[in-house]
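Colleague: 3D, please:
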Amino acid sequence: MGRIVAVCTSSKKGERKKNISKGMLITEKGLEGDAHAGPWHRQVSLLAIESIRKMQDKGLSVGPGDFAENITTEGIDLIALPIGTKLRLGKEALGEVTQIGKKCHSRCAIYEMVGDCVMPREGIFIRVLQGGPIEVGDEIEIIEIPQKEVTK
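Modeller: Numbers count the residues shown, from 1 in each chain. Below is the predicted model:
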């Protein structure tokens, strides 16, 4: 089980997000007030604080939201979750993992500063199956991991 360390939004795509401490996940849309919210498969992005610490260890002064993630997590191995995994965020919200990592089409500000960015490798994306409020300190629970198909 993990927990939410930060809830972050931005009004424009391509910029760092600000930790607003709490927010509302909207069914089939994303985080209310965030530029990336919409009817697509990457409605909400998650990145572990453990991944951010890797960049801090390289000497970069970064924190939650600096990699444009909506939710910064702790205590859950995000990149080990297969696509289709269902997560409960807070008491009500339910999300489904739709993508692990992403292609970085243009070098972000973080990459330009240190020559590396962790989000394309270690960030994940979910779509919101059921909305609800979330805030710093809320638990994130894995409620269903899809079974691998057995081939003969």
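Colleague: how close does residue 26 sit to residue 133?
Modeller: 11 Å (CB to CB, to the nearest Å). Bear in mind the C-beta positions are built from the backbone N, C-alpha and C, glycine included.
Colleague: Ok, residue 23 next?
Modeller: Distance from residue 23 to residue 133, counting by CB to CB: 7 Å.
Colleague: now swap in residue 49 and tell me
Modeller: Separation of residue 49 from residue 133 (CB to CB): 21 Å.
Colleague: How about the most centrally placed residue in the chain: what's its closest non-neighbour residue?
Modeller: Geometric centre of the chain, nearest residue: residue 46, 0.9 Å, by CA atoms, centre = their mean. What sits nearest to residue 46 in space, not counting adjacent residues and going by CB to CB, 6 or more residues apart in numbering, is residue 71, at 4.7 Å.
Colleague: my guess is that neighbour contacts residue 44, does it?
Modeller: Yes: using CB atoms under 8 Å, residue 71 and residue 44 qualify as a contacting pair, with a distance of 6.4 Å.
Colleague: Return every residue with contacts to both of those two.
Modeller: residue 31 (CB atoms under 8 Å, 6 or more residues apart in numbering).
Colleague: If you count surrounding residues, which of the two has more?
Modeller: Neighbours per residue, other CB atoms under 10 Å: of residue 71 and residue 44, the larger number sits with residue 71, 30 against 26.
Colleague: How about the contacts made by the more buried one?
Modeller: Neighbouring residues of residue 71 by CB under 8 Å, 6+ apart: 4, 6-8, 31, 44-47, 89, 134.
Colleague: among those residues, which are in helices?
Modeller: Within these, no residue falls in helices by DSSP state H.
Colleague: Return the subset of these lying in strands.
Modeller: Among the contacts of residue 71, the members found in strands (DSSP state E) are 4, 6-8, 31, 44-47, 89, 134.
Colleague: May I ask which two of the residues you listed are separated the most?
Modeller: Within the ones in strands among the contacts of residue 71, two members stand farthest from each other by CB to CB: 47 and 134, at 15.0 Å.
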